[in-house]
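**Student:** below are the sequence and a predicted model; questions follow.
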Amino acid sequence: MAQGLRLGGGMTPPTESLRDPSPRTGREAREQCRGSWRRAVAVAAWALAATGCGNAAVPDLPPFDPVEIPDPASVDAVVFLLGDGGATEAGRSPTLAALARDVEAWSSALGRDSAVSVVYPGDIVYPVGVRDRDHPDFETDSVRLWNQIELVAGPASRQHASLGLFLAGNHDWGNARGEAGVRRVENLARALERARTTGPKVTLLPGPGEPGPVIRDLRRNVRLVFVDTHWFLQARAPREKDAFFEALADALTGADDRQVIMVQHHPYRSAGPHDALLPGPEALGIPFLLKKTGTLVQDLDAPVYAEFRRRLRRTFVETGRPPLIFAGGHDHSLQVLRGEGPDDPAHILVSGAGSKLTPITDAPGMAYGASRPGYMTLVFRADDGVELFVVAGDPDHLSCTGPLLADDEVPACMRAGLDSLRVRFSATLVEGRDGDAVQPSGSGRAPTPWWIPPEERRDSMAPDSTAPAGARSGEGA
């Protein structure tokens with residue numbers, strides 16, 4: 001491990017100590033929620049909204065072999081995943097503070113343009129996206145967006161063109177459909193465009209009202225494929241859906257030997273409340289009936305999304321190219337799941353704990369799961385190895401806000417929250433190659449452009465890109 005390089009706000013422990021030092025059993029999780037509720041009884045509604053404490057038992061996780069944080073000299077690219085970060089307040093989020101440190105450290109250590117990316121898989125601004133400029137809450141919406149833009153606005157990030165790749169979630173659509181929803185996403189796109197003029201390399205993928213797929217090839221060995229799933233939760237003509245899946249097939253088969261990461265807001269699978277039936281109030285009465293009948297359109301078992309997943313899987317089968325990683329957010333937790341079969345993505349990641357927490361339960365193939373604030377780090381090595389690090393913190397320090405926290409207590413809260421954020425799970429997703437097969441870090445094919453102006457999209461493919469005409473490459477807002 002490179003001297004001084006770490007992940008998270010706290011000191012990352014030695015390799016043999018990387019296991020989560022305080023895994024919570026179901027009883028411990030319930031006791032923590034009860035304790036938090038008793039301490040905040042005077043403001044119970046606020047506390048429950050912020051922490052999302054529930055009655056679901058935290059799963060017993062299997063043991064894992066920790067992975068050492070690699071020397072930057074052996075690393076080709078780093079991708080951070082931070083989902084559902086849209087409820088943060090400036091200077092009050094330990095998670096954003098820790099991630100900003102990591103982005104700066106890796107940008108400086110790798111020292112190459114576009115070698116570091118932060119991917120934001122949706123719900124960038126709560127509660128209903130970026131409102132119009134004349135709306136009284138526009139300033140709040142802008143601050144919440146800029147809290148995340150600033151992750152790639154530090155000195156090293158600017159010097160080495162670290163990227164902020166944003167994806168709209170259902171809240172960024174204003175939880176609306178049709179033109180009203182598209183206009184809300186256009187507000188987000190315009191805000192990112194204004195930010196670009198000040199230096200940070202940020203963009204929205206896909207563009208407003210477009211489903212994707214949008215592809216971006218990072219360095220020589222990874223292809224990101226962005227999809228706006230909220231587009232699919234609305235009435236669409238069969239020909240529109242067919243065109244999307246044809247373009248997706250082209251994006252997968254055109255990746256050649258690159259590892260493919262699909263990124264969208266709604267995950268492929270989840271052990272959280274949008275996919276699993278958790279114990280608690282929603283397991284009873286009307287909420288139970290709504291969930292079991294698929295009436296809740298934002299849940300993964302809703303008929304419209306179930307159809308989308310079926311067609312995704314059919315595309316994976318027909319192309320023979322299921323993604324290495326399928327990353328999303330939507331549920332406010334950190335989850336690492338294995339694919340259930342050879343035609344599923346090999347690894348399913350849920351990184352939706354940027355600013356809110358909801359409970360999780362057990363699920364088939366779960367390697368890690370926690371209702372903790374944090375983010376994920378994917379490291380792509382020069383030998384084509386791929387490693388995953390999950391940085392998670394203390395749920396009591398999700399945010400240094402609230403009516404019981406005085407302003408002079410915020411610094412101590414931030415320090416405690418930063419200290420709690422550390423690598424709690426790590427894994428090698430792809431073993432590296434040996435010997436002569438290894439290419440020098442940063443060598444090989446160039447990445448696709450980080451952003452392409454709309455007027456140049458049709459013929460602006462990188463000369464060495466294998467992306468098909470049916471898929472948009474590096475498309476901006």
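**Tutor:** Sure, I can see it.
**Student:** for D65, give its distance to A367.
**Tutor:** 11 Å (C-beta to C-beta, to the nearest Å). (Glycine included, C-beta is placed from N, CA and C.)
**Student:** which one of the two is surrounded by more residues?
**Tutor:** Neighbours around D65 and A367, counted as other C-beta atoms under 10 Å, are more numerous at A367. The numbers are 17 against 11.
**Student:** residues contacting that one?
**Tutor:** When contacts are counted by C-beta atoms under 8 Å, 6 or more residues apart in numbering, A367 touches 61-62, 64, 336-338, 425, 427.
**Student:** may I see the ChimeraX selection of the buried members of these?
**Tutor:** A single ChimeraX command is used to select the members of the contacts of A367 judged buried by 16 or more other C-beta atoms under 10 Å:
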select :61,336,337,425,427
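**Student:** for the contacts of A367, give me TSV that also has distance to D344.
**Tutor:** Formatted as TSV, those follow (distance: C-beta to C-beta, whole Å):
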residue	distance to D344
L61	20
P62	19
F64	20
V336	14
L337	10
R338	9
F425	20
A427	17
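**Student:** would a markdown table of the contacts of A367 with pLDDT and secondary structure be doable?
**Tutor:** Shown next, in a markdown table, are the contacts of A367 (pLDDT from 0 to 100; DSSP: H, G, I helix; E, B strand; the rest coil):
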| residue | pLDDT | secondary structure |
| --- | --- | --- |
| L61 | 78 | coil |
| P62 | 77 | coil |
| F64 | 83 | coil |
| V336 | 96 | strand |
| L337 | 94 | strand |
| R338 | 93 | strand |
| F425 | 95 | strand |
| A427 | 96 | strand |
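**Student:** put the alpha carbons of stretch 253-263 into CSV.
**Tutor:** Extracted C-alpha coordinates of stretch 253-263, given in CSV (Å, rounded to 0.1, in the frame of the first residue of the first chain):
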residue,chain,number,x,y,z
THR,A,253,-20.9,-6.6,-27.6
GLY,A,254,-18.9,-3.6,-28.7
ALA,A,255,-17.0,-3.5,-25.4
ASP,A,256,-14.5,-6.2,-26.7
ASP,A,257,-12.3,-7.1,-23.8
ARG,A,258,-13.3,-4.2,-21.6
GLN,A,259,-15.1,-5.0,-18.4
VAL,A,260,-18.6,-3.5,-18.5
ILE,A,261,-20.2,-1.7,-15.6
MET,A,262,-23.9,-0.8,-16.0
VAL,A,263,-25.0,2.2,-13.9
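**Student:** in stretch 234-241, what's buried?
**Tutor:** K241.
**Student:** how about that stretch as CSV, C-alpha atoms only?
**Tutor:** Written as CSV, here are the backbone C-alpha positions of stretch 234-241 (Å, rounded to 0.1, in the frame of the first residue of the first chain):
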residue,chain,number,x,y,z
GLN,A,234,-43.6,5.8,-17.9
ALA,A,235,-45.7,4.9,-20.9
ARG,A,236,-43.4,4.1,-23.9
ALA,A,237,-44.1,2.8,-27.4
PRO,A,238,-42.8,-0.7,-28.1
ARG,A,239,-40.6,0.7,-30.8
GLU,A,240,-38.9,3.0,-28.3
LYS,A,241,-38.2,0.1,-26.0
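**Student:** what are the contacting residues of that stretch?
**Tutor:** Taking C-beta under 8 Å, 6+ apart as the rule, stretch 234-241 contacts 177-178, 181, 211, 232, 311.
**Student:** mind listing the helices for the chain?
**Tutor:** Secondary structure of the chain (DSSP state H): helices located at 26-39, 44-51, 94-110, 138-149, 155-159, 178-196, 238-253, 285-292, 303-319, 410-420.
**Student:** which residues touch the fourth one?
**Tutor:** When contacts are taken as C-beta under 8 Å, 6+ apart, the neighbours of helix 138-149 outside the stretch itself are 82, 85-90, 93, 96, 120, 124-126, 129-132, 135, 164, 166, 188, 191-192, 195, 200, 202, 354.
**Student:** only C-alpha atoms, please: export that helix in PDB.
**Tutor:** What follows is helix 138-149 as a C-alpha-only set of coordinates in PDB (Å, rounded to 0.1, in the frame of the first residue of the first chain):
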ATOM      1  CA  PHE A 138     -34.000  26.900  -5.700                       C
ATOM      2  CA  GLU A 139     -31.100  28.000  -3.500                       C
ATOM      3  CA  THR A 140     -31.400  24.900  -1.300                       C
ATOM      4  CA  ASP A 141     -31.500  22.700  -4.300                       C
ATOM      5  CA  SER A 142     -28.400  24.300  -5.800                       C
ATOM      6  CA  VAL A 143     -26.500  23.900  -2.500                       C
ATOM      7  CA  ARG A 144     -27.300  20.200  -2.400                       C
ATOM      8  CA  LEU A 145     -26.100  19.800  -5.900                       C
ATOM      9  CA  TRP A 146     -22.900  21.800  -5.300                       C
ATOM     10  CA  ASN A 147     -22.100  19.700  -2.200                       C
ATOM     11  CA  GLN A 148     -21.600  16.800  -4.600                       C
ATOM     12  CA  ILE A 149     -20.000  18.800  -7.500                       C
END
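**Student:** that helix: which residues count as buried?
**Tutor:** Quick answer for helix 138-149 (16+ other C-beta under 10 Å): 141-142, 144-145, 147-149.
**Student:** ok, the contacts of A367 vs L418, which is closest?
**Tutor:** F425 (18.9 Å; C-beta to C-beta).
**Student:** and the closest one, how far from R101?
**Tutor:** 19 Å.
**Student:** could you single out the most deeply buried of the helices of the chain?
**Tutor:** Mean neighbour count (mean count of other C-beta atoms under 10 Å) peaks for helix 94-110 among the helices of the chain, with a mean of 23.
**Student:** compute the inter-axis angle for it and helix 138-149.
**Tutor:** Interaxial angle of helix 94-110 relative to helix 138-149 (axes from the mean of the first three to the mean of the last three C-alpha atoms, to 10 degrees): 40 degrees.
**Student:** how far does helix 94-110 sit from the chain's center?
**Tutor:** 16 Å (C-alpha atoms, centre = their mean, to the nearest Å).
**Student:** R177: neighbour count?
**Tutor:** 15.
**Student:** show me the contacts for it.
**Tutor:** Contacts of R177 (C-beta under 8 Å, 6+ apart): 233-234.
**Student:** ok, it to F138 distance?
**Tutor:** With C-beta to C-beta as the criterion, R177 and F138 are 22 Å apart.
**Student:** quick check: D172 touching P121?
**Tutor:** No - using C-beta atoms under 8 Å, D172 is not in contact with P121; the gap is 11.0 Å.
**Student:** can you list the contacts of stretch 234-241 in TSV and add pLDDT?
**Tutor:** Listed next are those as TSV, based on pLDDT from 0 to 100:
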residue	pLDDT
R177	82
G178	88
G181	93
P211	93
F232	85
R311	93
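**Student:** dump those residues into a markdown table; add distance to A109 as well.
**Tutor:** Below are these laid out as a markdown table (distance: C-beta to C-beta, whole Å):
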| residue | distance to A109 |
| --- | --- |
| R177 | 44 |
| G178 | 46 |
| G181 | 40 |
| P211 | 36 |
| F232 | 39 |
| R311 | 41 |
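**Student:** from these, which is closest to R158?
**Tutor:** Nearest to R158 among the contacts of stretch 234-241, with distances taken as C-beta to C-beta, is P211, at 31.6 Å.
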